[in-house]
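1. Pasting a predicted model and its sequence here:
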Amino acid sequence: MKKLLILIPIFLFACKKKDEGTPLIFINQYPVSIAYYDVDVNTNAETLRFQINYYYNDNNRFDSIRIENTTYKFDYSQLANNGKVKLAYNNLSLPYDEITYDNTYYNLNSYTQVFGANDTSKNAFQYDSINRIRHFAHAYNNSMNDFVLTQTYKKDTVFVHTDFFNNACISNDTIKNTTTDMSKNLPYLLFTKSDNACGNIIFQNILSAIPLSSFINKLPSKIINNNTQSDFTFVFDNTDRLSEANIAVKNRTTNIISKKFKIKVSY
């Protein structure tokens, strides 16, 4: 029984509730906002690229998530029967998104954007036996950015192979992890998949804002791709929650920094 309880994802259930078909949230452990900044390499001046704001309902679930000028309103009416959550846009020209969960661990199975008739974008996920992300596939109508990403694991290292089909580009990244656990309440893809050598992996949509699975990932220390390396440093608040991530992209031969980014988390 204890083993089963450990496997149940913290970010989906609240102890005071018995509704095991509903993903619940501990508000005081979840962020109220995450801001992503570009940082000037020479002056360290910060320019906000985008911000994610979280809102919760009376049942301690996501009521809505706002990313820039788009608000995703969560509709849980189909969750119990078929694992679906509808995300209605605030923009009437964009009908809705849809996310689906498995019925065992509530890992995210797919994220589909429905723009109009025969106009969709679908992201599908697969996990290994301990709920680590194994495959991530993105497909969009006539897109040059369709890809399949595969992750394999060896001790504190994650090997990431991404194949962009339509432009025949392949990217191989190596993530070196720290020994520090990354909260399940934070979006893993935002910290590790903003881009790679072939282009964008995730955009400013719901995948940059929500957790994926019950697995507790480690915070990355560096991501290496050929002669490019992204170094991470982290700042924590007085309750050991992650409050800031600083990312510096450099040439591995010269150690010259070409880009800097910062992610600020507020609770």
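-> Okay, I see it. Residues are numbered from 1 along each chain as shown.
2. Look up how far D119 lies from the most centrally placed residue in the chain.
-> The chain has L189 as the residue nearest its centroid, 3.0 Å off, counting by Cα atoms, centre = their mean. Shown here: L189 relative to D119, a distance of 23 Å by Cβ to Cβ, to the nearest Å. Where C-beta positions appear, they are placed from N, C-alpha and C, glycine not excepted.
3. From the contact counts, what lies against the one helix or strand the residue nearest to the centre of the chain maps to?
-> According to DSSP states H and E, L189 maps onto helix 188-192. Helix 188-192 sits against strand 218-225, with contacts defined as 3 or more Cβ pairs under 8 Å, 6 or more residues apart in numbering; DSSP states H and E.
4. from what I can see Y127 touches Y153, true?
-> No: judged on Cβ atoms under 8 Å, Y127 makes no contact with Y153 at a distance of 11.6 Å.
5. I'd assumed N200 was in contact with the residue nearest to the centre of the chain.
-> No: under the criterion of Cβ under 8 Å, L189 makes no contact with N200, lying 11.4 Å away.
6. Below-threshold pLDDT in the stretch 101-250 of the chain: ranges please.
-> The model of the stretch 101-250 of the chain has pLDDT under 70 over residues 142.
7. try 90
-> Residue ranges of the stretch 101-250 of the chain with pLDDT under 90: 103-106, 113-121, 140-146, 164-168, 184-185, 193-205, 214, 239.
8. re earlier: give the pairing partners of the helix or strand following the helix holding L189; include direction for each.
-> Downstream of helix 188-192, the next assigned helix or strand under DSSP H and E is strand 195-196. Within its sheet, strand 195-196 is paired with strand 199-200 (antiparallel), according to DSSP bridges.
9. Name the nearest residue to K218, ignoring sequence neighbours.
-> N177 (3.8 Å; Cβ to Cβ, 6 or more residues apart in numbering).
10. and the one you found, how far is that from A248?
-> 17 Å.
11. And Y76, by the same measure?
-> Y76 is 40 Å from A248, by Cβ to Cβ.
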